[in-house]
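Undergrad: Quick check, what structure comes out for this input:
(2 chains)
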Amino acid sequence: GNSVTQMEGPVTLSEEAFLTINCTYTATGYPSLFWYVQYPGEGLQLLLKATKADDKGSNKGFEATYRKETTSFHLEKGSVQVSDSAVYFCALSDPGSGNTGKLIFGQGTTLQVKP
Amino acid sequence: DAGITQSPRHKVTETGTPVTLRCHQTENHRYMYWYRQDPGHGLRLIHYSYGVKDTDKGEVSDGYSVSRSKTEDFLLTLESATSSQTSVYFCAISGQGVTGELFFGEGSRLTVL
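TA: Just a heads-up that it's a prediction; the model follows:
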């Protein structure tokens, strides 16, 4: 079935370090791909998305490119800040779900940025 | 911020009791979802709705039921709560279907003793 696999955390970085959080997926058809972020005590919010192969999503300095050949959607940021500390979720739209908008989430990766 | 309100935000209950969580939206979005969040599992879909009185099961629907009698309200019911249903429950809404953004509520933390 369709699934999303993220690198295990927690990831601990110093401020201004380069960030990569790996995400790979398994899906039939052509899903849309998403990164969501969850700050402590809050719900998830969309960080970026890509709807077709080779699309690059970007927001707040974060980027991810939809790579169909490697079934990946890795999240990157050139210089992290303490305020980026959060849990990051990779997700895909279920291609077999019609237009219902159901998402399949990875297990989440906790990022901790130290000053 | 999307207008989504979940209630209650925190609840402690005992095994075997019924529990209802409420999700209320002010966005008039068509789609509504209930997810549960557990360590190591990310978010898993329990049930979703694609219109008033139109609902369907997600991947972890056993032990849960839902109802949607109005566009703005989506209720999740645990008929007889079990300890395995201790979790954080998130409601989400979407107006755009497969490529659209999900907007999440702040979550409801349920503890079943």
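Undergrad: hang on, A:E8 packs against A:G108?
TA: No - under the criterion of CB atoms under 8 Å, A:E8 makes no contact with A:G108, lying 9.8 Å away. Any C-beta I mention is one placed from the backbone N, CA and C, and that applies to glycine too.
Undergrad: List the neighbouring strands of the helix-or-strand element of chain A with minimal mean pLDDT plus their orientation.
TA: One helix or strand of chain A scores below all others by mean pLDDT, DSSP states H and E: strand A:103-105, with a mean of 90. Sheet pairing for strand A:103-105, assigned by DSSP bridges, gives strand A:86-93 (antiparallel).
Undergrad: what sits up against the strand it pairs with?
TA: Strand A:86-93 is touched from outside by A:2, A:4, A:6, A:21, A:23, A:25, A:27, A:31-40, A:44, A:47, A:73, A:75, A:101-106, A:108-111, B:42-43, B:98-99, with contacts defined as CB atoms under 8 Å, 6 or more residues apart in numbering or on different chains.
Undergrad: Give me the buried subset of those residues.
TA: Among these, those scoring as buried are A:2, A:4, A:6, A:21, A:23, A:25, A:27, A:31-38, A:44, A:47, A:73, A:75, A:101-106, A:108-109, A:111, B:42-43, B:98-99 (criterion: 16 or more other CB atoms under 10 Å in any protein chain shown).
Undergrad: Show me the beta-bridge partners of B:A92.
TA: Going by DSSP bridges, B:A92 forms beta bridges with B:Y33, B:F104.
Undergrad: just to revisit the earlier point, just the ones of the contacts of strand A:86-93 in strands?
TA: Per DSSP state E, strands hold the following members of those: A:4, A:6, A:21, A:23, A:25, A:33-38, A:44, A:47, A:75, A:103-105, A:109-111, B:42-43.
Undergrad: low pLDDT regions in chain A?
TA: A:95-100 (pLDDT under 70).
Undergrad: Quick one: residues contacting the residue nearest to B:E72 when sequence neighbours are not counted.
TA: Nearest non-adjacent residue to B:E72, counting by CB to CB, 6 or more residues apart in numbering or on different chains: B:Q25, 5.3 Å away. Applying CB under 8 Å, 6+ apart to B:Q25 gives the contacts B:A2, B:G3, B:I4, B:T5, B:M32, B:T71, B:E72, B:D73, B:F74, B:I93.
Undergrad: Tell me how far B:Q25 lies from chain A.
TA: According to CB to the nearest CB, to the nearest Å, B:Q25 stands 13 Å off from chain A.
Undergrad: how distant is the helix or strand harbouring B:I46 from the center of its chain?
TA: B:I46 is located in strand B:42-51, with elements delineated by DSSP states H and E. Relative to its parent chain, strand B:42-51 has a centroid offset of 7 Å by CA atoms, centre = their mean, to the nearest Å.
Undergrad: Could you do stretch B:105-113 as well?
TA: From the chain centre to the centre of stretch B:105-113 is a distance of 10 Å (CA atoms, centre = their mean).
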